[in-house]
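Asker: take a look and give me a structure for this.
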Amino acid sequence: MKEWATRGSLKEVQGIPLLESIVTHWKRVETFRAFPEDLLIATYPKAGTTWIQEIVDLILNRGDAGRARRAPTHVRMPFLEMTTPNPTLSGITHLEQMEPPRVIKTHLPIQLIPNTFWEARCKVIYVARNPKDNVVSYFHFDQMNLVQPEPGPWSQYLDKFMRGQLGWGSWYDHVQGFWREKEKKQILYLFYEDIKENPEREIHRIADFVGQQVSEEICSNIAQMTTFAAMRENPMANYSCIPDTIFNRQASEFLRKGEVGDWQNHFSPEENATFGEHYSKMMADCSIPFRFLI
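Answerer: Here you go, the predicted model:
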């Protein structure tokens, strides 16, 4: 009989709900030393993080598939704030042992990013996903990730998302925070829907941002290697190395659908109307061009 992981609880740092294990070791995150050569990939949870990590790694390795399979995603590009007693899963432990240049993942909102990233003028790639698909993906992820708090029923989960009560806080504050700083800092702001619609175009944008020139052939190959189907079959990108005691794959796969518009299968007409009204109110002062369908 499996001994499942114990579901975590949320505590707050500066009003942002985070897993208790992260909050307990927050000093390590807050004082993390970044170097100018480091590249930060930032997203709200379930906004295409693993996808963009794989694209970036392939760009930096000139489309070398073998090189990109040198280790699982969380080892190649560690998760900054993931502080756990298990050193093999603790992102910050990996990072503290790595020499720059490092590619670093975070879900932290911009106000919690360690200051050393800004002092070092690090480049940041931010990916935003429309909130309806984002919350659907997050809901399924929280069902299968037994380290996360119990998600409860969909209707309650959607309400918590709208109130900013899920792990890593408000989606609205997250996407707006990076958007407002993108001209002042070295932030490349990308949209999940744009990458889905035209991956080659966005791969070229990313390559230019990180100072890499990729040929049309390499770009096309990277696009093929990072399709949803290809990544789902890639053991170095599909998180299949995470034990079943942590990821309950009977509830959901880590890479579940990767679609734009799946929210239509989850939102009732009433929920959609309520959400639309709330979205209009929350985004009134920030004109980020989100698309809910492509």
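Asker: what residues does stretch 41-49 touch?
Answerer: By C-beta atoms under 8 Å, 6 or more residues apart in numbering, the residues outside stretch 41-49 that reach it are 52-53, 56, 77, 103-108, 110, 113, 124-129, 134, 137-138, 141, 166-168, 171, 174-175, 178, 192, 195. Where C-beta positions appear, they are placed from N, C-alpha and C, glycine not excepted.
Asker: I'd like the average pLDDT over that stretch.
Answerer: When pLDDT is averaged along stretch 41-49, the result is 96.
Asker: what about that stretch, distance to the chain center?
Answerer: Taking the mean of its C-alpha atoms, stretch 41-49 sits 2 Å from the chain's own mean (C-alpha atoms, centre = their mean, to the nearest Å).
Asker: ok, now stretch 94-101?
Answerer: That offset, for stretch 94-101, works out to 20 Å (C-alpha atoms, centre = their mean).
Asker: send the alpha carbons of that stretch over as CSV?
Answerer: Written as CSV, here are the backbone C-alpha positions of stretch 94-101 (Å, rounded to 0.1, in the frame of the first residue of the first chain):
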residue,chain,number,x,y,z
HIS,A,94,20.6,22.5,-6.4
LEU,A,95,21.0,26.2,-7.2
GLU,A,96,23.4,26.8,-4.3
GLN,A,97,25.6,24.1,-5.7
MET,A,98,25.6,25.3,-9.3
GLU,A,99,27.9,27.7,-10.9
PRO,A,100,26.5,30.5,-13.1
PRO,A,101,25.2,30.8,-15.7
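Asker: now that stretch: buried residues?
Answerer: Of all the residues in stretch 94-101, those buried under the rule 16 or more other C-beta atoms under 10 Å are H94, L95.
Asker: any stretches of the stretch 101-250 of the chain with poor pLDDT?
Answerer: Applying pLDDT under 70 to the stretch 101-250 of the chain picks out residues 234-250.
Asker: and with 90 instead?
Answerer: Applying pLDDT under 90 to the stretch 101-250 of the chain flags residues 141, 143-150, 228-250.
Asker: can you give me the helices for it?
Answerer: Listed in chain order, the helices of the stretch 101-250 of the chain (DSSP state H, counting those that start in this stretch) span 115-119, 131-144, 154-163, 171-181, 192-197, 199-209, 216-225, 228-232.
Asker: from these, which stretch is densest packed?
Answerer: Compared across the helices of the stretch 101-250 of the chain, helix 131-144 shows the largest average neighbour count, a mean of 23 (mean count of other C-beta atoms under 10 Å).
Asker: any idea of the angle it forms with helix 171-181?
Answerer: Interaxial angle of helix 131-144 relative to helix 171-181 (axes from the mean of the first three to the mean of the last three C-alpha atoms, to 10 degrees): 120 degrees.
Asker: what packs against helix 131-144?
Answerer: helix 154-163, helix 171-181, helix 269-282 (3 or more C-beta pairs under 8 Å, 6 or more residues apart in numbering; DSSP states H and E).
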